[in-house]
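K.L.:
sequence unknown, structure follows:
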């Protein structure tokens, strides 16, 4: 299978190098409006370089396009690629508006191509372990979750992040990772309440999710945090807690309620640190899905729903009122591209 990469920045480099190392994939071309950046990556990997996406569509041979460009460009390039008959793997968020996201889904379906969105947290071993621990009943009935994701402001080096019309802001760009993970873990979200503080090179958001199951989650995202980038997540149920922190070397811990056979209130069971790149796991999975060898671990519909939750949180932060989400069964019913 032949693959091309659009965008030769940080994640574009990641995608291209992963594809170049895949035995079942042939990376044929890279593209970036910064011709020098495209040339350097192309020379490193021994592929063709383009500065114009239309030229790459017309001249390069590829079946799949990986889109790793700024968020506000996702819709336009995904639609162009789909109409050219290319399968689309796109970084999150799927788009900046629900309308654009639905259009991407519809155009891909109409042109018989697959659409995958890079909600990579679903491929982080620690987060997979959290979900598995919840699913196997180790912590009982889920009740409360906490998640946080914080780091420096990306606008310090990439100014477009400061323009909410291009990045979507800290909720749509950063918090959406945890919004998707929590929906994956706890089910559909019924109501959202959000607060945002936004100053120069500082944007902090605190969002409360109420799930249809009755569970509740508090989610933090912080651009402009003065310390190192870090993530934390904790799922609590009727029988215990499972938690992970990127600051711990062995980061998944399960704490169960005291039983007659235990000497203390909690027993810690550390998980294994991740040894494989989640991006590699993700891209290999998407390629396997395109080949018909696997079912998607995360669908375009999941990405749309995560965006809808993020947009509801933004709306709540602007109005000061909770936002009720339409039940998933009453929502959008575009194809799932299987």
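P.N.:
Sure thing, it's come through. Since the model is a prediction, treat every value here as computed from it, not as a measurement.
K.L.:
residue 195 in helix, strand or coil?
P.N.:
strand (DSSP: H, G, I helix; E, B strand; the rest coil).
K.L.:
what residues are up against it?
P.N.:
Going by Cβ atoms under 8 Å, 6 or more residues apart in numbering, residue 195 touches 205-207, 317. Bear in mind the C-beta positions are built from the backbone N, C-alpha and C, glycine included.
K.L.:
kindly recompute the last result at 10 Å.
P.N.:
Contacts for residue 195 (Cβ atoms under 10 Å, 6 or more residues apart in numbering) come out as 204-208, 313, 316-317, 320.
K.L.:
next one: residue 22
P.N.:
Here residue 22 is in contact with 1, 3, 280, 283-284, 287 (Cβ under 10 Å, 6+ apart).
K.L.:
now do residue 306
P.N.:
92-94, 101, 117, 119, 172, 175-184, 189, 298.
K.L.:
just the contacts of residue 195 now: which is nearest residue 108?
P.N.:
residue 313 (26.4 Å; Cβ to Cβ).
K.L.:
remind me which helix or strand that closest one belongs to.
P.N.:
helix 300-319 (DSSP states H and E).
K.L.:
skip ahead from that helix and say which helix or strand is next.
P.N.:
That would be, after helix 300-319 and using DSSP H and E, strand 323-324.
K.L.:
and that following strand, what does it pack against?
P.N.:
strand 189-199, helix 300-319 (3 or more Cβ pairs under 10 Å, 6 or more residues apart in numbering; DSSP states H and E).
K.L.:
helix, strand or coil: sort out residue 148 for me.
P.N.:
Here residue 148 is strand, with the state taken from three-state DSSP.
K.L.:
hmm, back to that, buried residues in the helix holding residue 313?
P.N.:
300-314, 316-317 (16 or more other Cβ atoms under 10 Å).
K.L.:
any idea how far it is from the chain center?
P.N.:
13 Å (Cα atoms, centre = their mean, to the nearest Å).
K.L.:
quick check: mean pLDDT of it?
P.N.:
Mean pLDDT, computed over helix 300-319, is 98.
K.L.:
circling back: of the contacts of residue 22, which is the most crowded?
P.N.:
Within the contacts of residue 22, most neighbours by other Cβ atoms under 10 Å means residue 3, with 27 neighbours.
K.L.:
endpoint to endpoint, stretch 113-123 covers what distance?
P.N.:
Distance across stretch 113-123, first residue to last, is 23 Å (Cα to Cα, to the nearest Å).
K.L.:
what about the helices in the stretch 51-200 of the chain?
P.N.:
53-59, 74-83, 98-110, 125-135, 164-167, 169-170, 176-186 (DSSP state H, counting those that start in this stretch).
K.L.:
and the closest residue to residue 175 other than its chain neighbours, which of the three is it?
P.N.:
In space, and not counting its chain neighbours, residue 175 is closest to residue 221: 3.6 Å by Cβ to Cβ, 6 or more residues apart in numbering. Under three-state DSSP, residue 221 falls in the strand class.
K.L.:
could you check how far residue 221 is from residue 45?
P.N.:
33 Å (Cβ to Cβ, to the nearest Å).
K.L.:
between the two, point out the one with more neighbours.
P.N.:
A direct count of neighbours by other Cβ under 10 Å for residue 221 and residue 45 places residue 221 higher, at 29 against 18.
K.L.:
what sits against the more buried one?
P.N.:
Shown in contact with residue 221 (Cβ under 10 Å, 6+ apart): 147-151, 169-179, 196, 203-207, 310, 313.
K.L.:
got the domain ranges for this protein?
P.N.:
With domains defined by automatic domain parsing, the chain comprises 2-118+281-297, 122-274+307-324.
K.L.:
report pLDDT for residue 328.
P.N.:
Here, the pLDDT recorded for residue 328 equals 71.
K.L.:
isn't residue 159 up against residue 166?
P.N.:
Yes: between residue 159 and residue 166 a contact is recorded at 9.4 Å, counting by Cβ atoms under 10 Å.
K.L.:
quick check: phi and psi on the residue nearest the centre of the chain?
P.N.:
Residue closest to the average C-alpha location in the chain (Cα atoms, centre = their mean): residue 119, at 2.3 Å. For residue 119, the backbone dihedrals (degrees, to the nearest 10) come out as phi -80, psi 80.
K.L.:
now do the contacts for it.
P.N.:
91-94, 176-177, 179-181, 184, 282, 297-299, 302-303, 306.
K.L.:
go on, residue 327?
P.N.:
With Cβ under 10 Å, 6+ apart, residue 327 has these contacts: 188, 190, 212.
K.L.:
among those, name the buried ones.
P.N.:
Applying 16+ other Cβ under 10 Å to those flags 188, 190 as buried.
K.L.:
where in the stretch 201-338 of the chain is pLDDT low?
P.N.:
By pLDDT under 70, the weakly predicted segments of the stretch 201-338 of the chain are 249-275, 329-338.
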